[in-house]
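Colleague: prediction below, plus the sequence it came from.
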Amino acid sequence: MVDKLTAKQREAALKRLNGWVYDEAKDAIHHVFKFKDFSEAFGFMSRVALVAEKSGHHPDWSNSYNSVTITLSTHDAGGLSVRDVELAKAIDTILV
């Protein structure tokens, strides 16, 4: 089992992420990604799916045409954990 991040750990982690926003109500981080078109958005989702499956940690997400919204929180921890931060970092590198 992984532990939920403290407020101090969460703030430090957010500084290292690109555009992720903390949602206090969900104790989660989220990001809305915009792409040129549906095909580009779907390709991004496919790459994220491979990383998520390999790590054994899966995002809550939605797609609408060229927009992908991803929310990360660890259900077992009851909120944001290091697993979410690591997946967010991996997602950020996909865009580079």
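Modeller: Now that the structure is in, tell me what you want to look at. Numbers count the residues shown, from 1 in each chain.
Colleague: excluding chain neighbours, what is closest to residue 94?
Modeller: Leaving aside its chain neighbours, residue 94 sits nearest to residue 47 (5.0 Å; criterion: C-beta to C-beta, 6 or more residues apart in numbering). For glycine as for every other residue, the C-beta is placed from the backbone atoms N, C-alpha and C.
Colleague: before we move on, which element is that neighbour in?
Modeller: Using DSSP states H and E, residue 47 maps to helix 38-55.
Colleague: now do the helices in the protein.
Modeller: 7-15, 38-55, 82-94 (DSSP state H).
Colleague: distance of residue 60 relative to residue 6?
Modeller: Using C-beta to C-beta, to the nearest Å, residue 60 is found at 22 Å from residue 6.
Colleague: neighbour count: the two, which is higher?
Modeller: The neighbour comparison of residue 60 against residue 6 (other C-beta atoms under 10 Å) goes to residue 60, with 13 against 10.
Colleague: who's the more buried one bridged to?
Modeller: Residue 60 forms beta bridges with residue 71, as assigned by DSSP bridges.
Colleague: which residues does it contact?
Modeller: Shown in contact with residue 60 (C-beta atoms under 8 Å, 6 or more residues apart in numbering): 28, 70, 71, 72, 73.
Colleague: counting neighbours, what do you get for the first one?
Modeller: Here the neighbour count serves as a burial measure; for residue 28 (other C-beta under 10 Å) it reads 20.
Colleague: mind listing what residue 54 touches?
Modeller: Residue 54 neighbours (C-beta under 8 Å, 6+ apart): none.
Colleague: against residue 39, how distant is it?
Modeller: With distances taken as C-beta to C-beta, residue 54 is found 23 Å from residue 39.
Colleague: with residue 16 instead?
Modeller: Per C-beta to C-beta, residue 16 is found 30 Å from residue 39.
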